[in-house]
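[1] any chance you could fold what I've pasted below:
(2 chains)
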Amino acid sequence: MNVEKSEAVYRLTAQNLIKEYQDNEKNTNEKYTEKVIQIEGIISEISTLRGNSVVTLNDPNSLSSIICHMQAEDNKRALTLRKGERITIKGVCTGYLLDVIMVRCIIVE
Amino acid sequence: MRGIYLIVFGALLIQNLSAQDKYLTKEGFVSFFSHSIVEDIKADNNQVLSVIDTKTGEIAIQLLMRSFMFEKALMREHFNENYVESYKFPKATFTGEIRNYDELNETNTVSEIVGTLTVHGKEKEISSKVTVIISNNQITLTGDFKVEVADFDIKIPAIVANNIAKTIKVSFELHHKPYN
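    Numbering: from 1, shown residues only, chains lettered A, B, ... in the order given. Below you'll find the model as predicted:
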């Protein structure tokens, strides 16, 4: 699966994705996991983990966030991001622990 | 047992949210390694959730099976769809305790973790040697242990039986920080 070339199957806000998971984790998992989805949200944290960038999108109404593990190709671009900025990210959803986890993410805008 | 798991995990997270004795990571590392004459297979998961209660030494760990990254995309696909059936069992969990937690310190760093590992909906009591480094407001656990594929009712088709080891080595590295 090439995230960059794939058209997002779903486009939604960070808030709505978290809400769907909190309402029904099982059904939401079936709907989104292993699919390329596009999420729009506000950046609450930018960090690096073993050489790769991690961008966290938050939902002000929830303790949960969306943790987006970026592809190596987007590491440099991720460094230019700022907390509080609105961003659109495309990636593969792997499920929900305390937060929604996304892997192989790229920045759309 | 699932009930116990939910109670332990729920209690660790929800009770005393402001208490100083809970340590957490959402970016823990777990990898597994399979060695066979045909090939070596390794997968890494960097999104492991782990919570320690430093009062009791209890620990609860959760990870998403789909967060394991393989060298080849096809390996990941086979792993999730055919072997561990991630659509049915999206998570692996562990609940247990770090033995003699209150006796650990800068010089005494080696202990044992014992508890229940649940993979593919099957539970197995396991124990693992663990190195516990407590410093600068961080608790780091590292170690590895071995599991038998057959213990988790994971069926490997005969055609690839030589590609996948019967015993898998699991390694972990978890850097916990105070939960507040």
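
[2] would you list every one of the helices in chain B?
    Listed from the start of the chain, chain B has helices (DSSP state H) covering B:2-14, B:73-78.

[3] which of those has the lowest mean pLDDT?
    Mean pLDDT is lowest for helix B:2-14 out of those, coming in at a mean of 53.

[4] ok, how many other residues are close to B:Ile126?
    Counted with other CB atoms under 10 Å in any protein chain shown, the neighbours of B:Ile126 add up to 17. Where C-beta positions appear, they are placed from N, C-alpha and C, glycine not excepted.

[5] so what sits opposite it in the bridge?
    Here B:Ile126 sits in beta bridges with B:Gly115, as judged by DSSP bridges.

[6] ok, it touching B:Gly115?
    Yes. Using CB atoms under 8 Å, B:Ile126 is in contact with B:Gly115, at 7.0 Å.

[7] list residues touching both of these two?
    B:Phe94 (CB atoms under 8 Å, 6 or more residues apart in numbering or on different chains).

[8] I figured B:Leu64 was touching A:Met102, is that so?
    No. Applying CB under 8 Å as the test, B:Leu64 and A:Met102 come out as separate, 10.8 Å apart.

[9] ramachandran coordinates for A:Glu25?
    A:Glu25 adopts backbone torsions of phi -60, psi -40, taken as degrees, to the nearest 10.

[10] do the same with the one 4 residues further on
    In terms of degrees, to the nearest 10, the main-chain angles of A:Asn29 are phi -60, psi -50.

[11] for chain A, which segments count as helices?
    Along chain A, the segments classed as helices by DSSP H run A:14-23, A:25-32, A:75-79.

[12] contact partners of stretch A:51-59?
    Residues contacting stretch A:51-59 (CB under 8 Å, 6+ apart): A:14-15, A:18-19, A:39, A:41-48, A:65-72, A:74-75, A:78-79, A:81, A:87, A:89, A:99, A:105, B:27.

[13] spit out the contact partners of residue 64.
    You didn't pick a chain, so chain A it is. By CB under 8 Å, 6+ apart, the contact list for A:Ser64 reads A:Ile18, A:Tyr21, A:Gln22, A:Tyr96, A:Leu98, A:Asp99, A:Val100.

[14] that was the other one, I meant chain B.
    So B:Leu64 contacts A:Thr94, A:Gly95, A:Tyr96, A:Leu97, A:Ile101, B:Asn45, B:Gln47, B:Pro90, B:Lys91 (CB under 8 Å, 6+ apart).

[15] what pairs with the residue lying closest to it once chain neighbours are set aside across the strands?
    The shortest distance from B:Leu64 to any residue other than its chain neighbours is 4.2 Å, reached at A:Gly95 (CB to CB, 6 or more residues apart in numbering or on different chains). With DSSP bridges as the criterion, A:Gly95 is bridged to A:Ile101.

[16] what parts of chain B come near chain A?
    By the rule CB under 8 Å from any CB of the partner chain, the part of chain B lying against chain A is B:13, B:26-27, B:29, B:46-47, B:49, B:62-64, B:66-67, B:69, B:73, B:80, B:86-87, B:90-91.

[17] distance of the closest residue to A:Val55 other than its chain neighbours from A:Ile106?
    Residue nearest to A:Val55 in three dimensions, not counting chain neighbours: A:Cys68, with 4.7 Å by CB to CB, 6+ apart. Separation of A:Cys68 from A:Ile106 (CB to CB, to the nearest Å): 9 Å.

[18] more neighbours: which of those two?
    Using other CB under 10 Å, the more surrounded residue of A:Cys68 and A:Ile106 is A:Cys68, with 29 against 17.

[19] touching, the more buried one and A:Val92? I think so.
    No. At 10.2 Å, A:Cys68 and A:Val92 do not qualify as touching, with contact defined as CB under 8 Å.
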